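Q: Provided below are the primary sequence and the corresponding predicted coordinates.
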Amino acid sequence: MRRQGRGHVGTWHFDPNEPPGIWVSCVYENTSTVLSFPLPLTTKQCEVSYSDINIATSFACK
């Protein structure tokens, strides 16, 4: 992770040929809700920005 402003950014790199693909799961604080979805097979990288109190504020993949 790297610092960015008052928060930080985590970057993950993927091999798009790695089976069974890449899935993302989001857990929502103070709930039992979990959302999961597969990323496109061409996804090579994802970045998540976190606030200074470790709450995800943005998510982007390419």
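A: Happy to help now that I have it.
Q: Can you read off the pLDDT for the most centrally placed residue in the chain?
A: Geometric centre of the chain, nearest residue: V48, 4.8 Å, by CA atoms, centre = their mean. At V48, the model reports a pLDDT of 95.
Q: May I have the phi/psi pair for it?
A: Note on V48: backbone dihedrals following degrees, to the nearest 10 are phi -120, psi 130.
Q: List the beta-bridge partners for it.
A: Judged by DSSP bridges, the bridge partners of V48 are G10, F59.
Q: Surely it and S58 touch.
A: Yes: using CB atoms under 8 Å, V48 is in contact with S58, at 7.1 Å. (C-beta placed from N, C-alpha, C; glycine too.)
Q: contact partners of the lowest-mean-pLDDT helix or strand in the chain?
A: Here the helix or strand of the chain ranked lowest by mean pLDDT, DSSP states H and E is strand 2-4, holding a mean of 80. The list of residues contacting strand 2-4 from outside it, by CB atoms under 8 Å, 6 or more residues apart in numbering, reads H8, V9, T11, S49.
Q: Could you point out which of these is nearest to T31?
A: Each of these was checked against T31 using CB to CB; the closest is S49, at 21.3 Å.
Q: Surely A56 and Y50 touch.
A: Yes: counting by CB under 8 Å, Y50 is a contact partner of A56 at 5.7 Å.
Q: who's more crowded, those two?
A: Legend: neighbour count by other CB atoms under 10 Å for A56 and Y50, higher for Y50 (17 against 14).
Q: List the contacts of the more buried one.
A: Counted by CB under 8 Å, 6+ apart, Y50 has contacts M1, G7, H8, V9, G10, A56, T57.
Q: Of those, which is the most crowded?
A: G7 (17 neighbours).
Q: Show the model's pLDDT score for that one.
A: 88.
Q: In space, what's closest to V27 - neighbours in sequence excluded?
A: V34 (5.3 Å; CB to CB, 6 or more residues apart in numbering).
Q: where's that neighbour relative to Q4, distance?
A: 26 Å (CB to CB, to the nearest Å).
Q: I would like the residues contacting stretch 38-46, please.
A: Against stretch 38-46 from outside (CB under 8 Å, 6+ apart): 11-14, 16, 21-24, 59-62.
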